[in-house]
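**Q** structure, please.
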Amino acid sequence: MLGTPPTTALGPRDQTRVGHAVQLRALLRTSLRAQHHGQASSEQGGPHRRGTLLLSIHALLVDAPGLRLVVDTCIGNDRPRSILRGQPLATGFLQSMAEVGWSRESVDAVVCTHLHVDHVGWNTKLEDGAWVPTFPNARYLLGKTEFAHWSAEGDEEQQTILSDSVQPILDAGLAEFVEMDHRISPHLRLTPSTGHTPGHVSVMIESEGESAVITGDMSHHPCQMAHPHWSPSFDSDPRAAAATRARLFAEWADKPILVIGTHYAAPTAGYIMREGAGFRFDA
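**A** Next up, the predicted model:
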């Protein structure tokens, strides 16, 4: 399912979502039963096959004062990844960006919340048989801890991901290695949200008295608000990821902080409210 979903207002500025939806079967561990999958599906992301959750893989475009920021860059075209069963994508991602007024050249900065396959792909594009930076005028902000971890990882596909989606950024001199609490601008900063990966970050947006946060993969679906201990199998450290969710949901709950889910299917943005021993998502 391709296209450009609607824009969500962030005070005087806009956040736009560009990407596509996917269905992942058996996303969470055995603690998440099929009936819970079905309940979550009907409430968020629309009705679909029982036993699945509808997630979205998308980039988020943040238009801040003096800075155009892309947060996470999806899977990218022309890459036969295992998540795609070996079939490369050929999407209109860049065209969708252009349609909302964002040319490749207009991007000032790119943040990858972490270095998994579905967050780094459009860092680069295939041009005359070579991988080149997609956003030639941007600073690519890469976490020091995250990069160090995955650079030492022996998994063959992960090394392929780094070679075609990260190394060309280094070769072009566009990479900036940053700490997990790095401040990008007066209105944008990173905040640690580890567990999904060792160097995972979320992005805080603060402008004119309003606040928002882009989650990254510290949460994959709003059902985890009711059950923060539910962890997907691809969390590097499930216990740490669950602790991070519980901590940050509590920190953001009952406050006017717009929570924007990096994998939340529409509605992508809403507010966290306390409910009993857990939380709920009000979109």
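
**Q** helices along the stretch 151-283 of the chain, start to end?
**A** Taking DSSP state H, counting those that start in this stretch as the criterion, the stretch 151-283 of the chain carries its helices at 156-165, 167-171, 223-226, 238-252.

**Q** tell me what the first one is packed against?
**A** Spelled out, it's helix 156-165. On a contact count with 3 or more CB pairs under 8 Å, 6 or more residues apart in numbering; DSSP states H and E, helix 156-165 meets helix 144-151. In this view, the C-beta of every residue, glycine as well, is placed from N, C-alpha and C.

**Q** so which bits of the helix it packs on are buried?
**A** Residues T145, E146, F147, H149, W150 are the ones in helix 144-151 that count as buried (16 or more other CB atoms under 10 Å).

**Q** can I get the residues you listed in CSV including pLDDT and distance to F281?
**A** Converted to CSV, the buried residues of helix 144-151 look like this (pLDDT from 0 to 100; distance: CB to CB, whole Å):
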residue, pLDDT, distance to F281
T145, 98, 29
E146, 98, 27
F147, 98, 32
H149, 97, 30
W150, 96, 30
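
**Q** thinking again about what came up before, distance to D72 and mean pLDDT added to the helices of the stretch 151-283 of the chain, as CSV?
**A** Formatted as CSV, the helices of the stretch 151-283 of the chain follow (distance: least, CB to CB, whole Å; pLDDT from 0 to 100):
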stretch, distance to D72, mean pLDDT
helix 156-165, 12, 96
helix 167-171, 14, 98
helix 223-226, 18, 94
helix 238-252, 17, 97
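
**Q** most packed of those helices?
**A** Mean neighbour count (mean count of other CB atoms under 10 Å) peaks for helix 223-226 among the helices of the stretch 151-283 of the chain, with a mean of 22.

**Q** any chance of the buried residues of helix 144-151 in CSV with distance to F135 as columns?
**A** As requested, those are arranged in CSV below (distance: CB to CB, whole Å):
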residue, distance to F135
T145, 23
E146, 19
F147, 18
H149, 24
W150, 21
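
**Q** closest to R280 among those residues?
**A** Using CB to CB, E146 is the member of the buried residues of helix 144-151 that sits closest to R280, with 30.5 Å.

**Q** please list all residues in contact with the residue lying closest to W122 once chain neighbours are set aside.
**A** Nearest residue to W122 in three dimensions, chain neighbours excluded: T73, at 3.7 Å (CB to CB, 6 or more residues apart in numbering). Counting by CB atoms under 8 Å, 6 or more residues apart in numbering, T73 touches A59, V110, C112, H119, V120, G121, W122, N123, T134, S165.

**Q** would TSV of these with distance to A243 and secondary structure be doable?
**A** Shown next, in TSV, are the contacts of T73 (distance: CB to CB, whole Å; DSSP: H, G, I helix; E, B strand; the rest coil):
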residue	distance to A243	secondary structure
A59	28	strand
V110	28	strand
C112	23	coil
H119	22	strand
V120	26	coil
G121	29	helix
W122	31	helix
N123	30	helix
T134	35	coil
S165	29	helix
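
**Q** with distance to A241 added, can I get those residues in JSON lines?
**A** Formatted as JSON lines, these follow (distance: CB to CB, whole Å):
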{"residue": "A59", "distance to A241": "22"}
{"residue": "V110", "distance to A241": "24"}
{"residue": "C112", "distance to A241": "18"}
{"residue": "H119", "distance to A241": "16"}
{"residue": "V120", "distance to A241": "19"}
{"residue": "G121", "distance to A241": "23"}
{"residue": "W122", "distance to A241": "25"}
{"residue": "N123", "distance to A241": "24"}
{"residue": "T134", "distance to A241": "29"}
{"residue": "S165", "distance to A241": "23"}
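
**Q** done for today, thanks.
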